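1. Quick one, structure for this:
(chains A, B, C and D, ligands or ions: 2)
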Amino acid sequence: MSQTVVLGVIGSDAHVVGITILEQAFSAAGFDVVNLGVQTSQEEFAEAAKAHDASAVLVSSLYGHAEQDCQGFQGVLEDAGVDAVTYIGGNLAVGQDEFEETRRTFRELGFDRVFDSETDPEDAIAALREDLQITPTESERATISS
Amino acid sequence: MSQTVVLGVIGSDAHVVGITILEQAFSAAGFDVVNLGVQTSQEEFAEAAKAHDASAVLVSSLYGHAEQDCQGFQGVLEDAGVDAVTYIGGNLAVGQDEFEETRRTFRELGFDRVFDSETDPEDAIAALREDLQITPTESERATISS
Amino acid sequence: MIRDERIPSDELRRIDEEIRSNWPTGEDVDFEEAIEYHESLPDHKRFADVLESADKPLLQPRAGVPRLDDQIELLQYLHEEGKADLLPTTIDSYTRDNEYEKAQQGLDKALETGDDTLNGFPAVNHGVDGCRQLIDAVDAPIEVRHGTPDARLLAAITFAGGFQSFEGGPISYNIPYTKRHGLEETIEKWQFVDRLAGAYTERGVRINREPFGPLTGTLVPPSIAIAVMLVEGKLAATQGVRSITLGYGQVGNVVQDVAALNALKKLGNEYLPDEVVVTTVFHEWMGGFPPDEARANGVISLGGMTAAIAQPDKVITKSPQEFQGVPTKEANSAGLRTTRQVIDMAIEQKIDIDGIEEEQDLIERETRCLMDTIFEHGDGDVVQGTLKAFDSGALDVPFAPSDSAKGAVLPARDDDGRVRIFEWADLEMDEDIKEIHKARLSQRADTEGRDQSFRMVADDVDAISDGKLIGRPQSQPQGDV
Amino acid sequence: MIRDERIPSDELRRIDEEIRSNWPTGEDVDFEEAIEYHESLPDHKRFADVLESADKPLLQPRAGVPRLDDQIELLQYLHEEGKADLLPTTIDSYTRDNEYEKAQQGLDKALETGDDTLNGFPAVNHGVDGCRQLIDAVDAPIEVRHGTPDARLLAAITFAGGFQSFEGGPISYNIPYTKRHGLEETIEKWQFVDRLAGAYTERGVRINREPFGPLTGTLVPPSIAIAVMLVEGKLAATQGVRSITLGYGQVGNVVQDVAALNALKKLGNEYLPDEVVVTTVFHEWMGGFPPDEARANGVISLGGMTAAIAQPDKVITKSPQEFQGVPTKEANSAGLRTTRQVIDMAIEQKIDIDGIEEEQDLIERETRCLMDTIFEHGDGDVVQGTLKAFDSGALDVPFAPSDSAKGAVLPARDDDGRVRIFEWADLEMDEDIKEIHKARLSQRADTEGRDQSFRMVADDVDAISDGKLIGRPQSQPQGDV
Ligand code: B12
Ligand code: B12
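-> Ligands and ions are numbered 1, 2, ... in the order given. Okay, here's the model as predicted:
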């Protein structure tokens, strides 16, 4: 399995600092990172993931429109024939919501893991290493609290 | 009726700055102020009020023990034959209590008016002028919100 | 070829009509009638006058919600409970992308379900009437704040709607905010916005324009920010704007921040035409905040302290909930009042800190290098110069998402916490200035016993949210404390 | 006649036995066994060592609740969530009055009903064992903070109970805290407290002693506070104390506060014997707070900023709920974290403000005048000198409730917000210094267009809680803003 991860900020969101840090951290950890930058559409994610045979798609969103921007995303990936682990992270809700609620929303949208904006890149790397080497059962997955 | 007011900080409380300001404000407003200072006992209040034939007794408390310190105070005043308007003001409860609750407590202890620590001395002076010149009915009194 | 030239009246009219047909509410704009409406506004709602005549820094928060009644309530609250002197109306992201249809859906959803999924006030959808209801209901001047690359329709509607201040500019609302728009395109579009503001100005309605100084908000070296402000100020002046507020975002080092604000004011007056009234705005820390309201209050207060010393004309406040998401109105007010308390306690004190002149001098020299290269790139034309300088990388902004900037320049803090340039890429700068930065950064590297690297930049990006100013390595000595 | 002389060992033993019979828990004190207990404590619970070896200002809140388990939980919370470096145990008011019976009733009521009517931790009633449970359970050094004129039994029990730091002193816990105790009496009683701390010190258990610097907390001129600190420091040193932390309460003018902390440190080292390790503590604003948590955070942050510049060894933090009443543990932690953020962001910055040396020089000269008059009043003996100087008014504290001080001296802020003396009464001071104060205050009076009067003092007392530093008249010009 290739160790390529596709990274980008979805929708109209232009917050670039977080993915700049993530790109650097995942590269340093040995992954091949394809950084699509900010304001990336669902289709652009799918195309890039397909083209690079990515094992993971990392979606970032900071500006509070993540939920709308991700509607139907899993379908777009499937249609493109992408078979990759999908993570989303950042500041995922407008306002001062409880994160557990937010996590549920994005799990239901099909993301394998959901990270808040306090996430240390190292935690995401550890999680991805685990997800790519062994296929964790639902119970194991739960113990990493993501 | 004399215009003498007796002023002091009750109990073991040593917060003197508030009554220093009050003394000055009531004097400037034309009252004769007998300032008993800090750490004044119930008996000292009663004696002074009697001796000066005071029309008002102004009790201050900042340190959070006002409720204990004022138990039985009205009885002590009565026993000494004091017939005066009684006010209490300052920081009357330990911790972050609701003031309305505190006001009720001290009204039940027999104080005619209860002031919080945001009170401007001018408001207390206005209230006292009213209480001493006309005997307000319960409804009028309520409009001054004290 | 687009140049720094005033748009002729007929051209102004042509574009105006064109863009107003982009969305139904555009039809309601009538310039003459709008002038009358502005003339009917009381003095204390005239943004430029209130700002320019203030005798201490005025405070303004950020705030925008989708529904009109909610926005009215929010602004009234911020005015009364937060004691904001100036008010904002922050526009939602769909409007910023000119996706008025999506904004409408969001607004409709908000109206039906009460669920606010839009992150701001869709002013275009609310139209002239909606805007005026807001202006009428709130007893202070209100500015439009957004981040829109093509803000022409937004400007046409909000100016007619009674707003007298409009944030942004062709660079500052492009480079940090989008990768989809070319710089030439946004300059052209903002020339229209400025020209429209100029048309109101000519008629006695002085629309205040405020280029967005913080840019990417993240360790932007002062001279880069100031150069962008001067360019945008000049472009606006050319189109007839006469009230311009130049901005700057706190970097957190008090000496550098005060020096930068001084330099901004001085160079603003120098580079902009005499007929322009130049004011300055200081943005409290625009980078990543601590995930803790108590610590966030410390960050906000340091901004207040800096403002008390530098005395800009306006301060844009942050809320203690900045990290988490759009703040509640209570938190937003709290940020205002914390800032007010610090400023009012410190402003009457004489606080002259050593080294401010020296730092200011450095910032001015750097800014002049950048301005010179812009003029040279454009053979004297600022528009062409800006385009070419960004293109060559002679002008650049760190962490720029836009394709119009190289985004190759990288900042890092020196041992004192001042923002220096670690990776110059193609940024134009005199050699001796580069040497100064280099020396300061190598001093820091020595203190920390590590090489200068992207790791240092990344540590600095996180430092304030982690509770420090400088991103020191965890296990290393802490400098001269 | 009581003098500044070391209490002989047999006398120490006699008093010790006498006071321990004042309340049943006194019986459990065994000095030798207590030494062993202290020796068993880990390094990070040794108060003096932790404080003296710190490389940046350590933070300490105020906190005390009646029940032991609550107090443990509270301190653990402040340590973990507030990141307090040093912890307090604030004693209730009945214990301060030596009314152990009433304290017991309060404690019993708290245990039965869960209703905390005591405003602190009744350490005497909890006894040696209760204290040690607290020391054992909490992973940081803990100080006893109180306000007790006669703290002998409290000291005997808390020292044996494992506390290694003890606030207060004969002047600082008399003049601001009580009118019932004569100064001669409290000096005698504190000589015992210090002598007991000295006895532990001799055996290698260095009990840290901290005179209470803020005094009445309300516009205390720095030199008066510093003189009292020097006297109490000397008295403690005579009795064998070797770790002394001199205190100072923020007045809110940054230059004056930094100057005062510098002077405190310098004069402390000069006036106290060489064998004493002198450290300093800065108290965030001790006067009336704003009735608004957001504004209170601004006051707290200004204290943090001052601490970052002056770098005292310790900072006593306030909470945003200071105005209202005893703070919740969350608010108390918030005050700590806000302070920490400001200090950590500012401390690595070089912030040298003009005029600090000059102000420091003035403070030092004033303090020397006061110290000289004390020595003269006592023919070289500090105890007699202090008694006589307070008696004559040559030494005085503004707003002092105690009958032992005239409380006739009155402070007011100058046009820059520095605390000056408006009414000297009999305070001893060189004429040229008085002239300086006079000139500064008349400058302010001019700015405000009013005469100097008690009204000005009253306005200054309220100013910070009203959101300003200087109590300007409402309708007058606002100075040079
Ligand atoms: C800097 C900033 C800006 C800059 C951005 C410059 C740029 N181009 O990058 C500017 C000023 C331009 C800006 C604009 C806007 N912003 Co902004 N911005 C911020 C701010 C202050 C810091 C963001 C940042 O850079 N953090 C530092 C980086 C290192 O951290 P990070 O982005 O959180 O990323 C880390 C983690 O989140 C995580 N992570 C992120 N993504 C992912 C993905 C995966 C898979 C994983 C595992 C982890 C992960 O790892 C990253 C690295 O450590 C935040 C508030 C905050 N956090 O303090 C607001 C914030 C994100 N912005 C906000 C908003 C609303 C906007 C605007 C819409 C409105 C406006 N005020 O103008 C516009 C949006 C424009 C647009 N089209 O996107 C809101 C979002 C509200 C919400 N979600 O509810 C915030 C929270 C501020 C607020 N409280 O209102 N912003
Ligand atoms: C200064 C101060 C001190 C100084 C007092 C110096 C002195 N001798 O005066 C010192 C440092 C010594 C001190 C000690 C203590 N303090 Co103290 N102190 C304060 C502080 C910061 C300001 C008080 C003040 O001077 N305000 C300025 C004056 C002008 O305002 P004022 O006192 O409120 O008075 C005005 C109004 O309240 C009103 N008013 C007052 N009384 C009356 C009466 C009437 C009839 C009317 C109409 C109006 C009225 O009018 C006054 C004039 O405008 C307050 C917190 C705050 N408010 O910010 C805590 C505070 C009052 N103290 C408190 C405590 C607990 C103590 C101590 C017990 C504990 C300790 N930490 O050491 C000791 C008590 C010692 C003792 N035996 O009394 C608590 C009380 C808690 C509660 N009520 O729940 C407070 C609220 C702090 C806190 N948040 O914990 N304190």
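
2. give me every residue that touches residue C:296.
-> Counting by CB atoms under 8 Å, 6 or more residues apart in numbering or on different chains, residue C:296 makes contact with C:289, C:290, C:318, C:319, C:320, C:321, C:322, C:323, D:341. Every residue, glycine included, has its C-beta placed from N, CA and C.

3. residue in chain C nearest to chain A?
-> Closest residue of chain C to chain A, CB to the nearest CB: residue C:401 (4.0 Å).

4. Contact partners for that residue?
-> Neighbouring residues of residue C:401 by CB under 8 Å, 6+ apart: A:14, A:16, A:37, A:38, A:39, C:175, C:176, C:177, C:178, C:179, C:216, C:407.

5. how close does the fourth one sit to chain D?
-> Okay, so that is residue A:38. 29 Å (CB to the nearest CB, to the nearest Å).

6. For that residue, the count of nearby residues, please.
-> When neighbours are counted by other CB atoms under 10 Å in any protein chain shown, residue A:38 registers 25.

7. Which of the three states applies to it?
-> Judged by DSSP: H, G, I helix; E, B strand; the rest coil, the three-state class of residue A:38 is coil.

8. just the first one next, same as before
-> Per three-state DSSP, the local secondary structure of residue A:14 is coil.

9. re earlier: any chance of the contacts of residue C:401 in CSV with distance to ligand 1 as columns?
-> Putting those into CSV (distance: CB to the nearest ligand atom, whole Å) gives the following:
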residue, distance to ligand 1
A:14, 4
A:16, 4
A:37, 10
A:38, 7
A:39, 7
C:175, 8
C:176, 4
C:177, 5
C:178, 7
C:179, 9
C:216, 4
C:407, 9
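
10. Distance-wise, check the residue in the stretch 1-150 of chain C that chain D sits nearest to relative to residue C:80.
-> When scored by CB to the nearest CB, the stretch 1-150 of chain C has residue C:56 as its residue closest to chain D, at 4.8 Å. Using CB to CB, to the nearest Å, we find residue C:56 at a distance of 20 Å from residue C:80.

11. How about residue C:274?
-> 39 Å.

12. okay, these two: which has more neighbours?
-> Set residue C:274 next to residue C:80 and count neighbours by other CB under 10 Å: residue C:80 wins out with 12 against 8.

13. From residue D:98, how far off is the more buried one?
-> Distance of residue C:80 to residue D:98, computed by CB to CB: 50 Å.

14. now residue A:62
-> Relative to residue D:98, and taking CB to CB, residue A:62 is found at 60 Å.

15. ok, the closest residue to residue A:79 other than its chain neighbours to residue A:31 distance?
-> Excluding its sequence neighbours, the residue lying closest to residue A:79 (CB to CB, 6 or more residues apart in numbering or on different chains) is residue A:46, at 7.4 Å. Separation of residue A:46 from residue A:31 (CB to CB): 19 Å.

16. Can you name the next helix or strand after the helix or strand containing residue A:114?
-> Taking DSSP states H and E as the criterion, residue A:114 maps to strand A:113-115. Next in sequence after strand A:113-115, counting helices and strands by DSSP H and E, comes helix A:121-133.

17. Now tell me what touches that following helix from outside.
-> With CB under 8 Å, 6+ apart, helix A:121-133 has contacts from A:1, A:3, A:5, A:21-22, A:25-26, A:29, A:31, A:55-56, A:58, A:85, A:87, A:89, A:112-113, A:115, A:136, A:144, A:146.

18. can you check stretch C:270-279 too?
-> C:48, C:51-52, C:230, C:233-234, C:237, C:241-246, C:265, C:268-269, C:312-314, C:371.

19. which residues in chain A form helices?
-> A:17-28, A:42-51, A:66-70, A:73-79, A:99-108, A:121-133, A:138-143 (DSSP state H).

20. Could I get these in TSV, plus columns for mean neighbour count, distance to residue C:68 and mean pLDDT?
-> Shown next, in TSV, are these (neighbours: other CB atoms under 10 Å in any protein chain shown; distance: least, CB to CB, whole Å; pLDDT from 0 to 100):
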stretch	mean neighbour count	distance to residue C:68	mean pLDDT
helix A:17-28	20	33	95
helix A:42-51	19	32	97
helix A:66-70	21	22	91
helix A:73-79	16	32	96
helix A:99-108	15	28	92
helix A:121-133	17	41	93
helix A:138-143	10	44	42
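
21. Compare the ones you listed and give me the one nearest ligand 2.
-> helix A:99-108 (32.9 Å; CB to the nearest ligand atom).

22. Show me what the closest one packs onto, helices and strands only.
-> Judged by 3 or more CB pairs under 8 Å, 6 or more residues apart in numbering or on different chains; DSSP states H and E, helix A:99-108 is in contact with helix A:66-70, strand A:113-115.

23. How far off centre is that helix?
-> 14 Å (CA atoms, centre = their mean, to the nearest Å).

24. cool, and stretch C:1-9?
-> On CA atoms, centre = their mean, the centre of stretch C:1-9 falls 24 Å from the chain's centre.

25. what does it rub up against?
-> C:15, C:184, C:187-188, C:191-192, C:195, C:198, C:234-235, C:238-240, C:381-384.

26. and it, average pLDDT?
-> In this model, stretch C:1-9 has an average pLDDT of 96.

27. okay, how far is it across that stretch, tip to tip?
-> 19 Å (CA to CA, to the nearest Å).

28. Three-state assignment for residue C:252, please.
-> coil.

29. Nearest residue to it in space, ignoring adjacent ones along the chain?
-> In this structure, residue C:252 finds its nearest non-sequential neighbour in residue C:469, 5.2 Å apart by CB to CB, 6+ apart.

30. and the one you found, that's in a helix?
-> No: under the criterion used here (three-state DSSP), residue C:469 is coil, not part of a helix.

31. Run a quick neighbour tally on it.
-> Neighbour number of residue C:469 under other CB under 10 Å is 24.

32. pretty sure it contacts residue D:346?
-> Yes: applying CB atoms under 8 Å as the test, residue C:469 and residue D:346 come out as touching, 7.4 Å apart.

33. For the closest residue to residue A:25 other than its chain neighbours, give its distance to residue C:450.
-> Counting by CB to CB, 6+ apart, residue A:25 lies nearest to residue A:121, which is 3.6 Å off, once chain neighbours are set aside. As judged by CB to CB, residue A:121 and residue C:450 stand 19 Å apart.
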